[in-house]
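S.K.: my questions concern the predicted model and sequence given below.
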Amino acid sequence: MFAFSRSAASKIIKSVRTMSALSRLGLSEAKIKDTEKNAVLCTTLNQMISEADEKNVEIDKNTGTLIYSLAGKLKKKEHLPAIYGLILQKKIMNDMQLVAAMEYVKANPVKFELDALENACGVGVTVTAEQIKEAVLEKIEKNLGQIKTQRYRFNSGPLMGMIRKELKWADGKLVKAEIESQIAALLGSKTDEDNKPVQKIKQKKAEKKPAAVAKEVKAEEPQELSFSGFHKPGENYTTEGYVITDHTMRLMKEHLERTGGQIRTRFPPEPNGILHIGHAKAININFGFAKSHEGVCFLRYDDTNPEKEEEKFFTSILDMVTWLGYTPYKVTHSSDNFQALYDLAVNLIKSGNAYVCHQTADEMKGFEVKASPWRDRPIEESLLLFEDMKHGKFDEGTATLRMKCVLEEGKQDPVAYRIKYIAHHRTGDAWCIYPTYDYTHCLCDSFEDITHSLCTKEFQNRRSSYYWLCNVLEQYCPVQWEYGRLNIGYTIMSKRKIAKLIAEGLVADYDDPRLFTLTALRRRGFPPQAINTFVKKLGLTGALTQLDPLMLEACVRDELNLTAGRVMAVLSPLKVIVVNSEEKLPYSATVPDIPGQEASHDVSINNTFYIDRSDFRTTADKDYRRLSTDQTVGLKHVGMVAAVVKVDYDASGEISELHVKLTKLNDTNKPRAFIQWVSNYVVAEVREYSRLFNHRCPEDPEEVPGGFLTDVNTVSLKTHSAYLESRVSGSTEHTSYQFERIGYYTVDQDSTSGKLVFNNTVSLREDSGKS
């Protein structure tokens, strides 16, 4: 005979008991099974059912529905007994009353009177049948003409809404029945016409219009990031997980008096590296949210680690924020608050919530570490030792100040202060102890009256310590909101790892155009508008995203298509000599700088011009559409067709030049393709870039076992000595052009008065004319 183990039998018995209890609420079997997956909800429901039994309250279907809704929807469980008591006393009888009760306790999280709660949810309010009848009659009389015209097709929903607004606690079923009764009495029995189904009116299909001539149009403005779901200023306590203390409402009131209910955010980068594409998302979210609500956003440098901070990083960060189109309300530094932070650390010790510890960094690493033997040392002793730390009486690494709290991830007692004998870029040698992120961040948010502390998901496990520290020090507590960070494939964004690439000579610097730092993207020619559009298209979600660079490049291409002037360029020049031409040479034509716009420039073709070597073959197969000895090709903009007369070769057997005749383009000599060319030209260095890494995730040991340095694409940079239209002479850094039929390029910072250097930004879309 089959027998269950003791543990299995225990689980079965427990499951049966749970199902039996939940079935008393009138739940379906499927709903019960779904509920059993939520252990916390099951425990709450079982406790509520037990309490009903103790008070001899019969749980009918309506009461069961209210109990289940209350247990599942009420976030602050400390308010559950008060509302549940009203349900058991049959004072809350319907879902509308329950919702009103939950809204009331949400708006009054600290203290409320039971009488006020009952008043808020309509306890004792009776709406009589006569009141309902009079209200329905009044609304029907106001809509009499429409009802008689539309008869039983009249939509009574709006009437229902208006009556429920006037008689808030009226039974909805009774209101609906009264409306139907009075309409039936007015109209009489339904006729055959009333019973006919409503015929849908078919929309005429729009006539097809002839295809318009292709032209470039301005792309639609990107939708702003949606910030729905965020709390209003002063309503911090309505967010899930927010901790409420006896001081919360007083501090909130003082905060609102200081800010006037203004939205306040901050962008808080560490000034120890260059911003990357992920920071562009943070910048857009923090500055964008504040801007969309007429609020303000601080740029706060989190400068609490002096050994890695450099002035160039401070300058670059502000430069990039401005480049993306945002202006900080104020530029602040965590170091502005060093004294205030120290004073609060002393208070933290005095309240018994921090202590001086002598465990080493290695001893504190990981999650399963031994509790500090100094955790319970006397408060006075920790105060003296903390002062000694401040006065330089300990070596680095021999003492820290730790907070008595546990992070969500299980990390116990995070460090608040550590010793570093390094001069700070702003405070010099005034301090030798520096606060950590875990200690500094929430308090600086509080000092600046931040309403929404927006950060990436990896900081979610610090939310509880964020709230704990503000509350234990009786400081105003902002709300921390998390969103998914942005990662791009085929690159790395770690400051430390980029530094390794630089040290190994694999990239030139933080602004190497193959990287995805913001300075690199600007140097490569990515417009800030395109980066902002890219971020807005991603939306504000909590999901961790790793995207293909092609998504960003598509936004760049769309932007440059509207803004980059057109020029012709040949990356690998092949000389062409005209031996015969129907048009007198030199011949000029006017070309728009950007199709569809008024600005224009002239191009001129002479007896000698250049094409790209890739646009000529000695023989052509059926798929090849450009110039060959037996196939003509059109020359862009000048309305001419070139036919090869002779091919010259150099001593090595390479083609050195072509001899051609030019004819006017007409209906009988239309070529299969048109190519770019240059006649009056300047020589420029053109740098072509491909992906820096061969694999999508170069930091993934499973994908790249040898480490990211082994995955570098050694041919990710190629250079050309190219010929460009002479009109690009004198172009300044960051000026962008479309090299026709090739791609988008921008002037690099390495350009000089004697030589232009261009970076390839992105290619054009696939062009069948290149075949």
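M.R.: Right, received. Where do you want to start? Numbering: from 1, shown residues only.

S.K.: ok, now which ones touch Glu381?
M.R.: Val356 (C-beta atoms under 8 Å, 6 or more residues apart in numbering). Every residue, glycine included, has its C-beta placed from N, CA and C.

S.K.: next secondary structure after the strand or helix carrying it?
M.R.: Using DSSP states H and E, Glu381 maps to helix 379-390. Under the assignment DSSP H and E, the closest C-terminal helix or strand after helix 379-390 is strand 400-403.

S.K.: these two touch, right, Ala52 and Ile59?
M.R.: Yes - taking contacts as C-beta atoms under 8 Å, Ala52 lies within contact range of Ile59: 5.6 Å.

S.K.: list the beta-bridge partners for Val576.
M.R.: Phe609, Leu658 (DSSP bridges).

S.K.: what's the neighbour count on it?
M.R.: 23 (other C-beta atoms under 10 Å).

S.K.: that one touches Trp677, doesn't it?
M.R.: Yes - counting by C-beta under 8 Å, Val576 sits close enough to Trp677 to count as a contact (7.5 Å).

S.K.: report pLDDT for the residue positioned nearest the centre of the chain.
M.R.: Centroid-nearest residue in the chain, with C-alpha atoms, centre = their mean: Leu540, separated by 4.2 Å. Note on Leu540: pLDDT of 83.

S.K.: quick one: secondary structure of it?
M.R.: coil (DSSP: H, G, I helix; E, B strand; the rest coil).

S.K.: quick one: it and Tyr483 touch, right?
M.R.: Yes - counting by C-beta under 8 Å, Leu540 touches Tyr483, with 5.7 Å between them.

S.K.: now the common contact residues for these two.
M.R.: Ile285.

S.K.: one step back: joint contacts of Ala52 and Ile59?
M.R.: When contacts are counted by C-beta under 8 Å, 6+ apart, Ala52 and Ile59 are jointly contacted by Ile67.

S.K.: rewinding a little: what residues are shared contacts of Val576 and Trp677?
M.R.: With C-beta under 8 Å, 6+ apart as the test, Val576 and Trp677 both reach 609-611.

S.K.: adding pLDDT, write those out as CSV.
M.R.: As requested, the shared contacts of Val576 and Trp677 are exported to CSV (pLDDT from 0 to 100):
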residue, pLDDT
Phe609, 98
Tyr610, 98
Ile611, 98
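
S.K.: ok, and the most crowded of those?
M.R.: Highest neighbour count within the shared contacts of Val576 and Trp677, by other C-beta under 10 Å: Phe609, with 28 neighbours.

S.K.: now for that one: which residues touch it?
M.R.: 576, 578, 677-679.

S.K.: most widely separated two among those?
M.R.: The distance between the two most remote of those (C-beta to C-beta) is 14.0 Å, for Val578 and Val678.

S.K.: just to revisit the earlier point, among the contacts of Phe609, name the ones in strands.
M.R.: Among the contacts of Phe609, the members falling in strands (DSSP state E) are 576, 578.

S.K.: residues making contact with the helix or strand hosting Asp648?
M.R.: Using DSSP H and E, the element containing Asp648 is strand 640-649. Here strand 640-649 makes contact (C-beta under 8 Å, 6+ apart) with 576, 579-583, 587, 605, 616, 618, 627-629, 632-635, 655-665, 669, 671.

S.K.: at 7 Å what do you get?
M.R.: Residues from elsewhere that reach strand 640-649 (C-beta atoms under 7 Å, 6 or more residues apart in numbering): 579, 583, 618, 627, 629, 632-635, 655-665, 669, 671.

S.K.: and it, how far out from the chain's middle?
M.R.: With C-alpha atoms, centre = their mean, to the nearest Å as the basis, strand 640-649 stands 55 Å off its chain's centre.

S.K.: that one pairs with which strands, and in what direction?
M.R.: If you go by DSSP bridges, strand 640-649 pairs up with strand 633-635 (antiparallel), strand 655-664 (antiparallel).

S.K.: mean confidence score for the last one?
M.R.: The reference is to strand 655-664. 97.

S.K.: the helix or strand just after it - contacts with which helices or strands?
M.R.: Beyond strand 655-664 on the C-terminal side, the first helix or strand identified by DSSP H and E is strand 674-675. Judged by 3 or more C-beta pairs under 7 Å, 6 or more residues apart in numbering; DSSP states H and E, strand 674-675 is in contact with strand 633-635.

S.K.: ok, and what's touching the strand it packs on?
M.R.: 605, 626-627, 641-642, 665, 671, 673-675, 677.

S.K.: ok, so of those, who is nearest His293?
M.R.: Taking C-beta to C-beta as the measure, His293 sits nearest to Phe674 out of the contacts of strand 633-635, at 51.3 Å.

S.K.: which SS class is the residue lying closest to Asn471 once chain neighbours are set aside?
M.R.: Leaving aside its sequence neighbours, Asn471 sits nearest to Thr245 (C-beta to C-beta, 6 or more residues apart in numbering; 5.1 Å). Three-state assignment for Thr245 (three-state DSSP): coil.
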